[in-house]
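Undergrad: Predicted model and sequence below, questions to follow.
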Amino acid sequence: MTRQDDQSSFQYELMAAALRVIEERGGDQPTLEELAAAIGLSPSHFQRVFSQWVGVSPKRYLQYLTLDHARRLLQDRHTVLDTTYATGLSSPGRLHDLFIRWEAMSPGDYARGGAGLTIRYGWFDSPFGEVLAMATDRGLCGMAFSAETGQAEAMEDLRGRWPNAELVEDRAAVAPFVEGVFGGSGELMLHLIGAPFQIKVWEALLRIPSGHVTTYSDIAEAIGNPKAVRAVGTAVGRNPVSWLIPCHRAMRKSGGLGGYHWGLPVKRAMLAWEAARLEAEPELAEATAG
């Protein structure tokens, strides 16, 4: 599975290793030479592969991983949900052309814990480490990132969302959904299971453009329950389809990252990746036009 036709899963493994080094170093930012050496490439080769993946240089990406980047995002790219992207498009233009349609399971299905449902699953590479993806016949219903939690915890977490469903390992059946998610084009169907309040929160998350952020309080306002900020935070954390339903774009009003169900390093990497790609879009468009 690749994000661009000319990229291989090997490149994703290299980038995942580089991101781990960047994250582990924290504020002590590694040099290009140190990053390249850590994953066994020459500096020039590493810079070329990394820039192809994220659209900016490793040095620029490091800037997006700093702790104060979240505050700058909130200041410069803060989206008010009730006035933007009401159509449900995740983002305009080339950055993310995926159109998402979704269907909520009935209250009865929710109450039965998925009884009668067959859910197929598989493990896949992604730009943010290994991902567990699950799908019913009606669409993608679960995505979990295991880089911080490990495979066993990720599986237990998603399995617990549908305790009475039949789970079948079938990577081939789920692969087209995952290719749609990270390929970023076409149409993708989601099959969501959650309480009505959770569904409303997840619908609001779908309206946050890639490369932008919003706050938990703004989400509460957007769903017509401005006092339910804490409940919104809980619902955000229970999002079953991480990355695609972008719970990583929800932040505290103070500019703090808040929590992330699959680990703050993954959330920070996702925000940095999107911000870098958004900044690179004009340059990519100009190069393509030329």
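TA: Cool, got the structure.
Undergrad: When you work out contacts or count neighbours from here on, use the C-alpha atoms and nothing else.
TA: Fine.
Undergrad: now the strands for this protein?
TA: For the chain, the strands defined by DSSP state E cover 97-104, 118-124, 131-136, 139-145, 166-169, 185-192, 214-215, 250-251.
Undergrad: Which one of those strands lies nearest to Ser44?
TA: strand 118-124 (28.3 Å; C-alpha to C-alpha).
Undergrad: What residues of the closest one count as buried?
TA: With burial defined by 16 or more other C-alpha atoms under 10 Å, the residues of strand 118-124 counted as buried are 119-124.
Undergrad: partners of that strand in the sheet?
TA: Sheet partners assigned to strand 118-124 using DSSP bridges are listed as strand 131-136 (antiparallel), strand 166-169 (parallel).
Undergrad: Could you report the distance from Ala154 to Glu274?
TA: Distance, Ala154 to Glu274, by C-alpha to C-alpha, to the nearest Å: 23 Å.
Undergrad: so what are the domain limits for this structure?
TA: 9-74+264-289, 78-251 (automatic domain parsing).
Undergrad: Pipe those into JSON lines and attach mean pLDDT and distance to Leu257 per row.
TA: Below are these laid out as JSON lines (pLDDT from 0 to 100; distance: least, C-alpha to C-alpha, whole Å):
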{"stretch": "domain 9-74+264-289", "mean pLDDT": "72", "distance to Leu257": "6"}
{"stretch": "domain 78-251", "mean pLDDT": "84", "distance to Leu257": "5"}
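Undergrad: okay, now Ala104: neighbour count?
TA: 16 (other C-alpha atoms under 10 Å).
Undergrad: Gly114 is nearest to which of the strands paired with strand 118-124?
TA: Nearest to Gly114 among the strands paired with strand 118-124 is strand 166-169 (8.3 Å), distances taken as C-alpha to C-alpha.
Undergrad: quick one: buried residues of that closest one?
TA: For strand 166-169, a neighbour-count test (16+ other C-alpha under 10 Å) marks Leu167 as buried.
Undergrad: Name whatever forms a beta bridge with Leu132.
TA: Residues in a beta bridge with Leu132, per DSSP bridges, are Trp123, Ala144.
Undergrad: OK, contacts around it?
TA: Counting by C-alpha atoms under 8 Å, 6 or more residues apart in numbering, Leu132 touches 121-124, 142-146, 154-155.
Undergrad: what about Ala222, distance to Phe99?
TA: For Ala222, the distance to Phe99 - C-alpha to C-alpha - is 21 Å.
Undergrad: before we move on, what about Arg268?
TA: Shown here: Arg268 relative to Phe99, a distance of 24 Å by C-alpha to C-alpha.
Undergrad: do Val131 as well
TA: On the measure of C-alpha to C-alpha, Val131 and Phe99 end up 21 Å apart.
Undergrad: circling back: could you dump the buried residues of strand 118-124 to a markdown table with distance to Asn239?
TA: Formatted as a markdown table, these follow (distance: C-alpha to C-alpha, whole Å):
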| residue | distance to Asn239 |
| --- | --- |
| Ile119 | 17 |
| Arg120 | 18 |
| Tyr121 | 17 |
| Gly122 | 19 |
| Trp123 | 19 |
| Phe124 | 19 |
